[in-house]
Every structure is written in C-alpha cells, then in structure tokens.
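# 3D model of this:
(2 chains)
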Number of protein chains: 2
Amino acid sequence: MNRTDLVGLIRKKKSFLCVGLDSDIHKLPKFLLDREDPVFEFNKAIIDATLPFAVAYKPNLAFYESRGIKGLLSLERTMNYLENFKSEAFTIADAKRGDIGNTSEQYARSVFVKSESGFEFDAITVAPYMGEDSVKPFLSFEDKWVILLALTSNKGAFDFQLIENKENEKRLFEEVLTKSSQWADESKLMYVVGATKAEMLSDIRKIVPNHFLLVPGVGAQGGSLQEVAKYGLTKECGLLVNASRSILFASNGEDFAEKAALEAKSMQLEMAEILTSL
Amino acid sequence: MNRTDLVGLIRKKKSFLCVGLDSDIHKLPKFLLDREDPVFEFNKAIIDATLPFAVAYKPNLAFYESRGIKGLLSLERTMNYLENFKSEAFTIADAKRGDIGNTSEQYARSVFVKSESGFEFDAITVAPYMGEDSVKPFLSFEDKWVILLALTSNKGAFDFQLIENKENEKRLFEEVLTKSSQWADESKLMYVVGATKAEMLSDIRKIVPNHFLLVPGVGAQGGSLQEVAKYGLTKECGLLVNASRSILFASNGEDFAEKAALEAKSMQLEMAEILTSL
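Numbers count the residues shown, from 1 in each chain, chains lettered A, B, ... in the order given. So this is what the prediction gives:
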C-alpha cells in the first residue's frame, strides 16, 4: 500500500488505529483452545470485529515464532485472511530485524515476497543499530515500507537512545532520524516512537515533519492518545497508533470479539474527533 | 552448554571456529536441488565434514525465514541433526532479536524452549538498541547465552556505534559493553565484535576482559584471524571466530563438503597454533 492510499484509508475510516496481533496462545479465551488453530480463529474474529475501526494490523512475530512451525502456520492463515481486505488494512510485520546487507535482504524477502516465503506484509519494523547497509535492503521493494525504531516505549529506551552525541549534541534517536531520513523519504519510511514519550514528539517532528510515526504504548503501557496527537499529528495525520493487549484481551470470555470491537470503536471515536481538527 | 564445557571443547578440538550456516538455497551445488530438502542435505554434509574442526554452528535465521515454513523445516531438521553432537558443538541462533520485555520473552522461547517451538539453541544474538528490559528476558534460561551486538563488521557500524557520549566520552559500543556487563556475567553473555575492526579489540578487552566474543568478518568480509587473536585472545581463549561463505561455498560442485572440510581444517590449524601460546 502506498502513502496516498494509506492517507485515503485514514480519511475514509476516520481512524489511525493499528491493532497489534500479539496473540499469546496462553491468553486466549479457553473455549477456543479445542479448535484446530486457536490463534488463527482468534485473529480472524478480532479482525472481523475491529476492521470498521482500524486501518492497520500488526502481527508481532515473536508470538508466532515462539510456537515454532505451528505458530508460523497461524500467521500464514492470518495473513491470507487479511489479504481479503487488502485495500482496507495496512499490514505490519513487527519483527525488529536488522543485520548485514546480504542477511537483511533475506529478512526482507521473508516478509515481502510471498512467492518465496508465503508472506506479504506492507511494512516491517527494523532496528537501526547496524546502520545504513542493514536497513537499505528492506527499502528496495515497491510500495513496501520500513518502520525504523527511533524512540521506543519501554524503560530500556533510556539506556542508549537518549545518549547525547559529543560532536553535535544530538541524542541517539535524533541521529537515527536525521541519518535515516536521507536513506529514504516519507513514501517508504516510518518511525517507531513510543506514546510513553509523547512530549518528545515535538522534537521528533522538527526532524521528520511529514513521516508517519507508528506509536505503540497507548493502552496497556499507559500512553495517552490526546498527548500523542497534540505533539505528533500532521496535516495528513502522520500517525498510526497501536493498541494490542487492551483490544485483544478486553474480555476473556465468549464475548471477546464483541468487547474488542467496543474498545477499538472507542479509540476510533476519539481519533475521529482528533482528525476533524485537520 | 555452560562456559566450562565450551572452554573444554575449544581445548579438546584446538579450535575456536564457528561455522555460519548461511545456507542460501540459490548458492547450493545444483545437484542437491532435486533432493526433498536440499538445504538440510547441504547442512548435514557441511556439519559432517567440519565437525572435527569446528566448536560451534551458527544458523543465520534470515536464510531459513526467507523460505517461509519450508525454510523453518530445514532449520528444524538441521537442529535435530546437531542434537546428535550436543557436547561437540555449541549452537547459536543468529537472529539479532530485541523488543519490549513480554515480546523478548517470546523470542527467547522460540529459540530456547524446544517443547514449545521445536528449537533449542545454546545462544541467540540480540540487538541492544531497546536496552536492558529488551535483553534480560533472554538471560533467564539455564545454561543459555545472549550474544549482544557491540561493534559489528559492516560499513553501517560507523553510522551509530561509534557516536561518542557527551557525558563520559564513551562510544556507543563501549556504553553497550559497560552497561550490559552489569546485566549478566561472562557465564551467560558474549558480544559480537567484527573482525574488520580488530584493532578496536584492545579497547573492548579493557571493558570486558573475560567475556567471549563472537567475531564475524573473517573470510568473505576480509578480517584477519591473526589480528583478531592478537588483540582479543584471553587465557581461556575467549573467542569464537565465525566463517560462513568461505567454508559453505568453497566449492560449487559435488566436492563441496570435502572443500569445506579443507577450508575449516586450514582455519583450525591456524587456531591450534594460536592456542598453543596460551
């Protein structure tokens, strides 16, 4: 999906909600566990319930890989199901990959080239530590996106991401934004910026005024949607706000999908309000 | 495998060679391609040929994931085969993972808990960008190791890893070494340090005098074994030097395994010489 289509989708649905499919099998409603593929059944129901309110889905690959080949089969079925809604949902492989060039090329194929890997996402999250040649191979696929880690939502973000460069007084995440924005423009590159650091979004917008930001940390991790919008919104929205656990596990019973829809709808209504200000 | 066993293995085989199983299906000898699982057949032959000369094997997960579920099956067969040589070979999942705590926990299970994922490696490579809580979940498995990226072998290493902290003049990779060495000791934690930066190994040894270093970049990437040993060797060796392409693809013909053995043997002989100096 290209940028024009993504912005159009956000306008149409009056939403910039991304649903994180962190579908931990140990947290699924018990009644699903006797199905052949409980995780796929769960994801399908969540997608059906939330599709009117969400513009993106973000399977977190760890929760599939931890179940080995069975988990990959659940992911494959989920992605095949999402293919039915290709123009209705942007898809993100939350994978945090990044390695030397010839290896990053292989990781890119694993999420972008369906004829080889069975998977085709619109985007992948990438870690910046290994620099330009570890990121660039992901950027050479048409209408596919890199979502690069900049400032993450967790406590450990303070360990390295805020280190100030002696040479220019830029913090590491600002260096990542500055350098990487020369590798690709806003049509192929987004950034991960945690909602728990909302006030830093204004610093970030000085460096990347137009890039989309994928913002995790609203919901279970405690970030505020209003704060994120206040500092991060652009005239084309420029935000994808992710919620995972607060939607997926809104209820533990047979009504899980219904409760997920209510939670997604409540976020979408707040987002619609925010978007009217554009 | 614990540290005592690893050091014992190095002494016994007079080798600190790690064979990187970057088994790109497009580079395999053509005659293997009509087998049911060419990548597994290739890996099995490489393992059989190099086992007398190598102490570790490092499948690069990207080269399996790029083939989707088929690729994971090749990896599963490879790891099941390596299980026959449990005390003869340390195994590393080269995965460069790292995410918020609950997600890193899932990635850890994907490589350490065979009953859930089908895979059990001795170690996994991890990227440090997200800090302490992204690394710690990998450290809570008995006799399992984290190999944390410090200074990598690629050109992009210069983009961020050498940034100097204004506060204490430490470079980013030195910050990673200093902080992370408080999260776990040398019995559970190793570091990736590229052979192409061998002269920096003496700076690294000032911070982590005893930790094992996994050193890629000898061979195809141009690093020198003698230089690496000169600056990085400790009294318990403290090095695992990886070679991938130079061994795997030493020949493209029916003699590929034989040529791989010769290449591995030649590295092992050089290593044996180096180890006699201990």
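# Contacts for the longest helix along chain A next, please.
In chain A, assigned by DSSP state H, the helix with the most residues is helix A:256-276. Helix A:256-276 is contacted from outside by A:10-11, A:13-17, A:19, A:29, A:42, A:45-46, A:48-50, A:52-54, A:218, A:225-226, A:229, A:233, A:237, A:241, A:243, A:246-251, using Cβ atoms under 8 Å, 6 or more residues apart in numbering or on different chains. (Glycine included, C-beta is placed from N, CA and C.)
# Okay, and which of these map to helices?
Per DSSP H, those map to helices at A:10-11, A:13, A:42, A:45-46, A:48-50, A:225-226, A:229, A:246-248.
# Closest residue of the stretch 151-278 of chain A to chain B?
A:Gly156 (2.4 Å; Cβ to the nearest Cβ).
# excluding its backbone neighbours, what's nearest A:Ile204?
In space, and not counting its chain neighbours, A:Ile204 is closest to A:Val193: 5.8 Å by Cβ to Cβ, 6 or more residues apart in numbering or on different chains.
# Now do the contacts for that neighbour.
Here A:Val193 is in contact with A:150-151, A:200-201, A:204, A:213-215, A:232 (Cβ under 8 Å, 6+ apart).
# The same query, at a cut-off of 10 Å, please.
Contacts here follow Cβ atoms under 10 Å, 6 or more residues apart in numbering or on different chains; on that basis A:Val193 touches A:149-153, A:173, A:177, A:200-201, A:204-205, A:208, A:211, A:213-217, A:228, A:231-232, A:239.
# Output the helix or strand encompassing A:Tyr57 in CSV, but only the C-alpha positions, please.
Using DSSP states H and E, A:Tyr57 sits within strand A:56-59. Taking Å, rounded to 0.1, in the frame of the first residue of the first chain, the C-alpha atoms of strand A:56-59 are listed here in CSV:
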residue,chain,number,x,y,z
ALA,A,56,-3.7,-1.4,10.2
TYR,A,57,-2.9,-4.8,11.7
LYS,A,58,0.5,-5.6,13.2
PRO,A,59,1.2,-9.2,14.0
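# what helices or strands is that strand leaning on?
Helices and strands touching strand A:56-59, as assessed by 3 or more Cβ pairs under 10 Å, 6 or more residues apart in numbering or on different chains; DSSP states H and E, comprise helix A:3-13, strand A:17-21, helix A:38-50, helix A:68-82, strand A:90-97, strand A:123-126, strand A:239-243.
# Who is the residue nearest to A:Ile204 paired with across the strands?
Bridge pairing for A:Val193 (DSSP bridges) gives the partners A:Leu151.
# Got the confidence number for it?
On pLDDT, A:Val193 comes in at 95.
# try A:Gln106
According to the prediction, A:Gln106 has pLDDT 98.
# quick one, what contacts the residue nearest to it when sequence neighbours are not counted?
Leaving aside its sequence neighbours, A:Gln106 sits nearest to B:Ala62 (Cβ to Cβ, 6+ apart; 3.7 Å). The contact partners of B:Ala62, taken as Cβ under 10 Å, 6+ apart, are A:97, A:99-100, A:102-110, B:22, B:24, B:71, B:94-96.
# before we move on, back to that, just the contacts of A:Val193: which are in strands?
A:149-151, A:213-215, A:239 (DSSP state E).
# what's the closest of the residues you listed to B:Leu278?
Using Cβ to Cβ, A:Leu149 comes nearest to B:Leu278 of these, at 40.4 Å.
# you'd agree A:Ser74 is up against A:Asp24?
No: at 11.7 Å, A:Ser74 does not count as touching A:Asp24 under the criterion of Cβ atoms under 10 Å.
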